[in-house]
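Engineer: I'll drop the sequence and a predicted model, then ask my questions.
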Amino acid sequence: MSRRRWQRTDGLQQRTLGQECVVFHPGAGTTHLLTPAAAALMDGLAEGAAMDEAALARHLGLSEKDAEAELGRWLSSLHTADLIREHP
Amino acid sequence: MRIADLGQARLQRSLTGRGLYLRTGPFTSRIQSPIASVARGIESLYRDFEVADHSSFYDFHCELRAPRSHRRFYRPQVLFLADRRSVFKPLAYHQAYPMLEWGLNWCIANQVPHRLVLHAAALERDGKALILPAPPGSGKSTLCAALAHHGWRLLTDESVLVDLASSEVSGPARPVSLKNDSIRVIRDACPSAVLSTPIADTLKGAVAHMRPPTDAVRRSHETARPGWIVFPHYQPGASTQLKPRTAGSGFMQLIANAFNYAALGARGFHSAGRLVEQSACFDFSYSRLDEAIEQFNRLADGR
C-alpha cells in the first residue's frame, strides 16, 4: 500500500444528514453528497491533520485485501472533487 | 388599508402616479402602470393585501408600460421594468397582468439577499411547513392551489423564503399561477376559488391566477417550522405514491431548486442543511388530485 499522506482541503463545510453527508467547498462553490464510506473517510481526516493510507484503511476497518482497491477509489473520487489533497 | 378599501379610482391613481405600494408578506413592491388590465388584476386578486403609504421603504420597484416605439400602436407590446431596467423581452399587450406576476417572481428570485429563496410551493398546517420544490410542469401549483382550499394555509406557489438563521419558512402568499388544464382542474376541485380570466397564447400556454384565500393573506407574516419536503411529479395515469427519500439526496435536490444558493455560499449551505435536518423528505407521484389531497392530509395527521 502507498504511504502517501492525505489531508482535508481547508475551509470545507460539512453536515451529516442521516447516514449521508454533504460537503460545501467554499472556494469552488460546489456541494457534494458523500456516501457513508466517503463520509467516514472525511471524518477520519480531521481539519489540518494528515493521515497516511494505512491509517485511513484502519480507520475505515478495511482489510488489507480490500484496502488497495476500495480506498484508492474513494481517495481518487474525493481528490477529483478537491475535497482532499496530498500532504507534501 | 387593504386594496379592497382603496377603491378602483384611487387604485388607478396610485398606479398611474407615484405608484401602488403593495405589501406581500415580508416585501413591499412599488408598482406603476397605466395599463387597465394590470389595475383590474390587482383589484381582483390582491383585494385582501395591505397597501403601504408612499413614505414606506420598498423592496422592489416595478413598472409595466408600452415601449416608446411604434409597438405602442402596431401589435402593441408591454415591458416589465425592475428598478427602471427592462428585464424581459416585451410581451403582447394582453399579457400585461401575467407579466406583472412573472416580474414580481423575478424580483424575489434575484433581489433577495438575506434569505434562501427556493423555487417551490409551500403550505402550512399546525405550524409545520410542507415544501414542494419542483421544476415547471410537475404539478406543484395545481397541488398547492388545491391544498390551499382543503385545510392548508398557502405560503407561496413559487418562492419559498427560508430564514438563514432559524430555517423558519415563509412566503408572500401571492396569487397562484395556473396553466392550461390546471385551470379547469382547480375550478372543478375548488368551487370557492376565485380565478382570473385565462390569458391565452402566453409562453406557458393559457394562464390564469387564483386569488389567495383571505386567511392566508392575513397571516402572511407568520412563519412555519420545517415539516416536510416533498418532490411532486404529476404523470397522467400514475398511481398516488409517497416514497421516503434519503436526507442527503433530498438536500441535493432542494439546492438544485434554490435561486440564490450559490450566491449565499456557506450561509445557504447551512440554512438548507438545517431545513433538511428538520424535515422528512419524500418523492410524490400522482395523477388524481382528490387522492393527492387525502395523502397530504394523512401525512399532516401522522397517519
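Structural biologist: Yes, it's here.

Engineer: mind checking pLDDT for residue B:73?
Structural biologist: pLDDT for residue B:73: 70.

Engineer: any low-confidence regions in the chain?
Structural biologist: You didn't pick a chain, so chain A it is. Flagging of chain A using pLDDT under 70 yields the residue ranges A:1-2.

Engineer: try again with chain B
Structural biologist: For chain B, the stretches with pLDDT under 70 are B:71-72.

Engineer: for chain A, give me its nearest residue in it.
Structural biologist: Nearest residue of chain B to chain A, counting by CB to the nearest CB: residue B:248, 2.9 Å away. All C-beta atoms are positioned from the backbone trio N, CA, C, and that covers glycine.

Engineer: residues near that residue, how many?
Structural biologist: Neighbours of residue B:248 under the rule other CB atoms under 10 Å in any protein chain shown: 23.

Engineer: ok, it - contacts?
Structural biologist: Contact partners of residue B:248, counting by CB atoms under 8 Å, 6 or more residues apart in numbering or on different chains, are A:17, A:18, A:19, A:20, A:21, A:22, A:33, A:34.

Engineer: please repeat the previous calculation with a cut-off of 6 Å.
Structural biologist: Residues in contact with residue B:248 (CB atoms under 6 Å, 6 or more residues apart in numbering or on different chains) are A:17, A:20, A:33.

Engineer: tell me which helix or strand it sits in.
Structural biologist: Per DSSP states H and E, residue B:248 falls inside helix B:247-256.

Engineer: list the buried ones in that helix?
Structural biologist: Buried residues in helix B:247-256, defined by neighbour count with 16 or more other CB atoms under 10 Å in any protein chain shown: B:247, B:248, B:249, B:250, B:251, B:252, B:253, B:254, B:255.

Engineer: surely residue B:89 is within a strand?
Structural biologist: No - per DSSP: H, G, I helix; E, B strand; the rest coil, residue B:89 lies outside any strand segment and is coil.

Engineer: return the distance of it relative to residue B:66.
Structural biologist: Look at residue B:89 and residue B:66: by CB to CB, to the nearest Å, they are 14 Å apart.

Engineer: next, the buried residues of stretch B:274-291.
Structural biologist: Neighbour-count burial for stretch B:274-291 flags B:274, B:275, B:276, B:278, B:279, B:281, B:282, B:283, B:284, B:285, B:286, B:289 (criterion: 16+ other CB under 10 Å).

Engineer: show me these that map onto helices.
Structural biologist: In this view, the buried residues of stretch B:274-291 that belong to helices under DSSP state H are B:274, B:275, B:276, B:289.

Engineer: now do the same contact list for the second one.
Structural biologist: Taking CB under 6 Å, 6+ apart as the criterion, residue B:275 is in contact with B:162, B:167, B:226.

Engineer: hmm, the last one is touching residue B:279, no?
Structural biologist: Yes - under the criterion of CB atoms under 6 Å, residue B:226 makes contact with residue B:279 at 4.4 Å.

Engineer: okay, and the beta partners of the closest residue to chain B within chain A?
Structural biologist: Nearest to chain B in chain A, going by CB to the nearest CB, is residue A:20, at a distance of 2.9 Å. Here residue A:20 sits in beta bridges with residue A:17, going by DSSP bridges.

Engineer: can you give me the neighbour number for it?
Structural biologist: Using other CB under 10 Å, residue A:20 has 20 neighbouring residues.

Engineer: state the distance from the residue of chain A most remote from its centre to residue B:19.
Structural biologist: Relative to the C-alpha centroid of chain A, counting by CA atoms, centre = their mean, residue A:65 is the outermost residue, at 19.3 Å. Using CB to CB, we find residue A:65 at a distance of 73 Å from residue B:19.

Engineer: likewise for residue B:35?
Structural biologist: Following CB to CB, the distance that separates residue B:35 from residue B:19 is 14 Å.

Engineer: please apply the same query to residue B:115.
Structural biologist: For residue B:115, the distance to residue B:19 - CB to CB - is 24 Å.

Engineer: of the two, which one has the most company?
Structural biologist: More crowded of residue B:115 and residue B:19, by other CB under 10 Å: residue B:115, with 21 against 18.

Engineer: the closest residue to the more buried one other than its chain neighbours bridge partners, please.
Structural biologist: Nearest residue to residue B:115 in three dimensions, chain neighbours excluded: residue B:161, at 4.5 Å (CB to CB, 6 or more residues apart in numbering or on different chains). Counting by DSSP bridges, residue B:161 is bridged to residue B:117, residue B:170.
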